[in-house]
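> Coordinates only, no sequence provided:
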């Protein structure tokens, strides 16, 4: 049990440091990942999080929307059109960075497969261990992250 606690603590401590060694931001501050070029949210269709059973699906480069200096891929033209109509409704909070790390004023990569919809908004976490901590006080962490987000320098954030 102690080893598991230490492992979770190590993940929590190192998560905000994950960005220090790799260029992972598009010019507009959308987290685009290390090996994804300029593709937001790892190429996942952000509209799909809000449909059906809420399980995200990978987008297809045939249905690409340019938004905030990043490419957003969608699984259908209908989803691409829905995003174009209201990108703020579908884009993840904090530019796709980890919501828990943001609650501590840090940028860490959000994993598009470790997510939670809260009050109609998409939040990503860096990994499942961090998400378990975040789930213990979602409203508190969101309040802290919302306060920290404006302190991130221009060029590293979006959605103001």
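Sure, I can see it. The structure displayed is predicted, hence computed values, not measured ones.
> Now do the strand or helix carrying residue 114, average pLDDT.
Per DSSP states H and E: residue 114 is located in strand 111-118. Per-residue pLDDT over strand 111-118 has a mean of 96.
> Partner strands of that strand and their direction?
strand 121-125 (antiparallel) (DSSP bridges).
> in the chain, which residue is closest to the centre?
Residue closest to the average C-alpha location in the chain (CA atoms, centre = their mean): residue 96, at 2.3 Å.
> Would you mind giving both backbone torsions of that residue?
Dihedral pair for residue 96: phi 90, psi 10, per degrees, to the nearest 10.
> thought it was touching residue 41?
Yes. Counting by CB atoms under 8 Å, residue 41 is a contact partner of residue 96 at 5.4 Å. For the C-beta atoms, the positions are set from N, CA and C on the backbone; glycine is no exception.
> if we can go back for a sec, quick one: pLDDT of the residue nearest to the centre of the chain?
91.
> How far off centre is stretch 45-57?
14 Å (CA atoms, centre = their mean, to the nearest Å).
> pLDDT on that stretch, on average?
93.
> buried set for that stretch?
Across stretch 45-57, burial judged by 16 or more other CB atoms under 10 Å covers 45-50, 56-57.
> Output those residues as JSON lines; include the columns secondary structure.
Formatted as JSON lines, the buried residues of stretch 45-57 follow (DSSP: H, G, I helix; E, B strand; the rest coil):
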{"residue": "45", "secondary structure": "coil"}
{"residue": "46", "secondary structure": "helix"}
{"residue": "47", "secondary structure": "helix"}
{"residue": "48", "secondary structure": "helix"}
{"residue": "49", "secondary structure": "helix"}
{"residue": "50", "secondary structure": "helix"}
{"residue": "56", "secondary structure": "coil"}
{"residue": "57", "secondary structure": "coil"}
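> And those residues, which is closest to residue 68?
Distance to residue 68 across those (CB to CB) is lowest for residue 46, with 12.2 Å.
> hmm, back to that, export the buried residues of stretch 45-57 as CSV, with columns for distance to residue 80.
Output for these, formatted as CSV (distance: CB to CB, whole Å):
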residue, distance to residue 80
45, 9
46, 10
47, 8
48, 11
49, 15
50, 14
56, 15
57, 13
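> ok now the strand holding residue 114, how far from the chain's centre?
7 Å.
> those helices in the chain, which residues are they?
2-14, 77-85, 87-90, 99-102, 128-134, 138-148 (DSSP state H).
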